[in-house]
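> predicted coordinates and the sequence they were generated for:
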Amino acid sequence: MSAATATPTDSLETFRRDTRAWLEANCPPEMRQPPRTEADICWGGQRFKFQSEAQRLWLQRMGERGWTVPTWPREYGGGGLSHREAAILREEMAALRCRAPLQSFGIWMLGPALLKYGSEEQKRHYLPQITRGEIRWCQGYSEPNAGSDLASLATRAEVRDEGFVINGQKVWTSYADEADWIFCLVRTDTAKKHTGISFLLIDMASPGVSTRPIRLISGKSPFCETFFNNVKVPRTNIVGELNGGWTIAKYLLTHEREMIGAIGERSAPLPVSKVALDKLCKDAAGRLDDAMLRAEIARFEIDEAAFRAWMKLVGEQARGGEAHPAVSSGLKYYGSELNKRRWELMMAIGGADALEWEGARSQEGAAARTWLRTKANSIEGGTSEVQLNVLAKRLLELPGA
Amino acid sequence: MTWILDEQRRMLRDSAQDFLSGRAPVAHLRQLRDSADAQGYAPELWRAFGEQGYSATLVPGSHGGLGLGVAEAGLIAEQIGHTLAPTPFFSTAVLAAWLLKTAGSPAQQAHWLPKIAAAETILALAVDERARHRVDAFATTAVHSGNGWKIDGAKLLVIDGHVAEAIIVAARCDGGVALLLVPTATPGLSIERTVMVDAHKAARVTLKDVQVDAAALIGSPETGATLLDQVLDVGRVVAACELQGLADEVFERTVTYLKERKQFDRIIGEFQALRHRAAELFCDLELSRALTRQALQAIDEGSPKAPLLAAQAKARACLSANRAVQEGVQMHGGIGMTDELDIGLFMKRARVLQELFGDAAAMMERAAQLCGY
């Protein structure tokens, strides 16, 4: 068939063939196995220590093609791919078991905000750094006295002629101790609540910025407290309008909820029932002989299957323009509660083995630590109670509150 | 196939919605109940199902039907759930039509399928014998006798058995399971009409030395058990669709009430205790909707995952619908307990649909077994 008569399907097939060939030629063999530990994940940034030459090369090659963020426009360092092409890239990467070359809050959070609200200059400056993994970003939203009621945040940005001066404290800033820059919600007007907040980009190397790691009930964590003491920030580092930061924050929180809502899906390597079959005794008919626990597992797996189906249905509804925006709150609520249920069951199935906190046998308490960590799923990114409030108000349109 | 509705399915859903809300709203069920109608359904409504083509959904084009899939039958069932219309759609146009088009002999198909398509007959499927559904626990027997079979046993919860022209009886036989089409006039067959909690009617059927000829067999004894499993899966998913429609309707009415009712000088929908429960219920309804769509697709594609998905979908639909009707009554408060309000009718129907071919517990047990634990 000549190029002149090629249909879109043909060109997608060509894209698939070329993509596969390129991945086969360019993805190092070490990058074609699932990450085993946190250290196998590439976060990029000025201070990132590559675990291997293969990891560095894989990021460089994918970054050059813009395939670290395939759907962002080419002029901002993205791949410029359509959603169907990006889906093909994902499928081909999965088929070759290629690792994600880069993960970052820049890709998930800041990038989408800049694409929607950033100036042309900001897009051209910051987005390519994100796609190439050169700058690692962290997120400064929550404060000790601004959790679910985020808009009550008090970190102060005084507006002066030469720029902003920041004083205050952020909390739950993931990887703040390893990040190069922070995108931050700050108070620029103390007389107003939601309309007194601005969205600022701050260099973590600025004098007056300091961080302190937070230890969780599950042990060591990527979370930090971040302190600002008379930190000077240039005027050009504001995204959007002065006092217009809440709009951007709301937009990004929706993104975050979808991401966290997917936890129930992505961190499900093995069905709970398979784990149980390996660990527990069976009766003559091959059934788990712990009848009450078996029933709980069966109930969980029905809900898990339904949640996976719901994610797929919402995806189709979204592509068909039929999804209510607030439905992401439902996915976030249900997905995080489901993941907590999963790990309650995993602890019950694991019994005494899952109670060990140290040593190689328990992989340094991996089960217990994961179980405890899941308790944050329904707190971070908007508590379950906040998600239910959003559903009641926006989707069911119940009056008040 | 995608799970959101394409244009054709949307049109079918809208047509069924308009037709049922116009011709058979909840008041229709009330009228049949309050007049103690012996048949429990309106023959003119069933004839109209034939005119609309709803009864022809699963019947192949070669027998005067539309040749559509279980997904389309599910759309109609969902709308039936909204209005609680009592019709022989489930027994005849879903269960019997699916069995006959899948495994009926050419003579059986030629005789029955055009009549089903035109809504000119009613057929019933008799499986259960115990109070709780357990498909592996039926004891009715069929033994070779003369030119055919002699059947003995007793069945219950035979939907539309009281008005059927023939009953498809599941019986154990030499070499497997026999599905036998028994005309209700056959000597030895006795039918006790049972008036059910949901104002629908069913039957208890007793078979004593019932003699049918060889042509009564659908499929073969070797394939009978599989065929029975399959038709039950079809029934489970279509029942899940009806539960979904019922639950959606109750939820919509309940949320409307939360926006109207005032106590303590406030609209009760302002109270967080109710808002959160309503939001959780919304999630439950979306979970069961999504799983049911997946199960419908699997059944129409003949996927090996269909049995598991059918069990999961029925289980999840039972859980969601049950919660919807509990909350429906509770959130309406005192008036929710009155016969005057429709909510109670939905609760009653939900109870029957849950038991039909296995409630949540039975379906979770089945899903666990299918997953090998």
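Cool, got the structure.

> around chain B, which positions in the stretch 201-350 of chain A sit nearby?
A:271, A:273, A:276-277, A:282, A:286-288, A:294-295, A:297-299, A:301-303, A:305-307, A:309-310, A:312-314, A:316-317, A:320, A:322, A:327, A:330, A:333-334 (Cβ under 8 Å from any Cβ of the partner chain). Heads up, the C-betas are built off the backbone N, CA and C, glycines and all.

> taking these one by one, which sit in helices?
Those of those mapping onto helices are A:273, A:276-277, A:294-295, A:297-299, A:301-303, A:305-307, A:309-310, A:312-314, A:316-317, A:327, A:330, A:333-334, per DSSP state H.

> any of the residues of the stretch 201-350 of chain A next to chain B buried? List them.
Using 16 or more other Cβ atoms under 10 Å in any protein chain shown as the burial test, these include A:271, A:273, A:276-277, A:287-288, A:294, A:297-299, A:301-303, A:305-307, A:309-310, A:312-314, A:316-317, A:327, A:330, A:333-334 as buried.

> which stretches of the chain form strands?
Picked chain A for this. A:137-140, A:156-160, A:163-171, A:181-187, A:197-203, A:209-213, A:224-234, A:238-239 (DSSP state E).

> that's the wrong chain, I meant chain B
B:123-126, B:141-145, B:148-159, B:166-173, B:176-183, B:189-195, B:201-213, B:217-218, B:262-263, B:266-267.

> before we move on, back to that, make a markdown table from the strands of chain A and add mean pLDDT to it.
Listed next are the strands of chain A as a markdown table, based on pLDDT from 0 to 100:
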| stretch | mean pLDDT |
| --- | --- |
| strand A:137-140 | 95 |
| strand A:156-160 | 96 |
| strand A:163-171 | 97 |
| strand A:181-187 | 98 |
| strand A:197-203 | 97 |
| strand A:209-213 | 97 |
| strand A:224-234 | 97 |
| strand A:238-239 | 97 |
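
> next, format those as a markdown table and append mean neighbour count.
Below are these laid out as a markdown table (neighbours: other Cβ atoms under 10 Å in any protein chain shown):
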| stretch | mean neighbour count |
| --- | --- |
| strand A:137-140 | 26 |
| strand A:156-160 | 16 |
| strand A:163-171 | 20 |
| strand A:181-187 | 25 |
| strand A:197-203 | 23 |
| strand A:209-213 | 15 |
| strand A:224-234 | 18 |
| strand A:238-239 | 22 |
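
> mind putting the ones you listed in TSV, distance to B:Ser105 included?
Output for these, formatted as TSV (distance: least, Cβ to Cβ, whole Å):
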stretch	distance to B:Ser105
strand A:137-140	68
strand A:156-160	82
strand A:163-171	74
strand A:181-187	71
strand A:197-203	73
strand A:209-213	75
strand A:224-234	74
strand A:238-239	73
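
> list the contacts for residue 309?
Using chain A. Contacts for A:Ala309 (Cβ atoms under 8 Å, 6 or more residues apart in numbering or on different chains) come out as B:3, B:287, B:290-291, B:293-294.

> other chain: chain B
When contacts are counted by Cβ under 8 Å, 6+ apart, B:Leu309 is found next to A:305, B:291, B:294-295, B:298-299, B:303.

> could you measure from B:Asp37 over to chain A?
38 Å (Cβ to the nearest Cβ, to the nearest Å).

> can you list the weak-confidence ranges in the stretch 1-150 of chain B?
B:1-2 (pLDDT under 70).

> next up, the contacts around the residue in the stretch 101-250 of chain A positioned nearest to chain B.
Residue of the stretch 101-250 of chain A nearest chain B, by Cβ to the nearest Cβ: A:Ser148 (13.1 Å). The contact partners of A:Ser148, by Cβ under 8 Å, 6+ apart, come to A:382-383, A:385-386.

> rewinding a little: kindly indicate the member of the contacts of B:Leu309 with the most neighbours.
The residue in the contacts of B:Leu309 with the most neighbours, by other Cβ atoms under 10 Å in any protein chain shown, is B:Ala295 (33 neighbours).

> how close does that one get to chain A?
Plainly put, B:Ala295 is 9 Å away from chain A if you go by Cβ to the nearest Cβ.

> wait, that residue sits on B:Ala315?
No: counting by Cβ atoms under 8 Å, B:Ala295 sits too far from B:Ala315 to count as a contact (10.6 Å).

> how deep is A:Glu120 tucked in, by neighbour count?
Neighbour count for A:Glu120, taken as other Cβ under 10 Å: 9.

> so who does B:Thr87 touch?
Each residue near B:Thr87 by Cβ under 8 Å, 6+ apart is listed here: B:24, B:41, B:45-46, B:49, B:80.

> which ones are touching B:Tyr54?
B:16, B:19, B:76, B:89, B:93.

> return the member of those nearest to B:Tyr257.
Set against B:Tyr257, the nearest of the contacts of B:Tyr54 by Cβ to Cβ is B:Ala16 (25.6 Å).

> hang on, the closest one packs against B:Gln79?
Yes: the pair B:Ala16 / B:Gln79 is scored as a contact, 4.0 Å apart, by Cβ under 8 Å.

> the two: which has the busier surroundings?
Using other Cβ under 10 Å as the criterion, B:Ala16 and B:Gln79 rank with B:Gln79 on top: 26 against 23.

> relative to chain A, how far out is B:Asp114?
Asp isn't right for residue B:114; it's Pro. Using Cβ to the nearest Cβ, one obtains 37 Å as the distance from B:Pro114 to chain A.

> who's in contact with the residue lying closest to that residue once chain neighbours are set aside?
Excluding the flanking residues, the one nearest B:Pro114 by Cβ to Cβ, 6 or more residues apart in numbering or on different chains is B:Gly64, at 4.4 Å. Going by Cβ under 8 Å, 6+ apart, B:Gly64 touches B:56, B:113-114, B:117-118.

> how about B:Leu29, what does it touch?
Contacts of B:Leu29 by Cβ under 8 Å, 6+ apart are B:83-86, B:199, B:345.

> could you find the closest non-adjacent residue to the residue in the stretch 101-250 of chain B that chain A sits nearest to?
Of all residues in the stretch 101-250 of chain B, B:Ala240 sits closest to chain A, at 11.4 Å by Cβ to the nearest Cβ. In space, and not counting its chain neighbours, B:Ala240 is closest to B:Ala317: 3.7 Å by Cβ to Cβ, 6+ apart.

> and that neighbour, how many neighbours?
Number of residues near B:Ala317 (other Cβ under 10 Å) recorded here: 35.

> ok, now which ones touch it?
Contacts of B:Ala317 (Cβ under 8 Å, 6+ apart): B:239-241, B:243-244, B:247, B:288, B:291-292.
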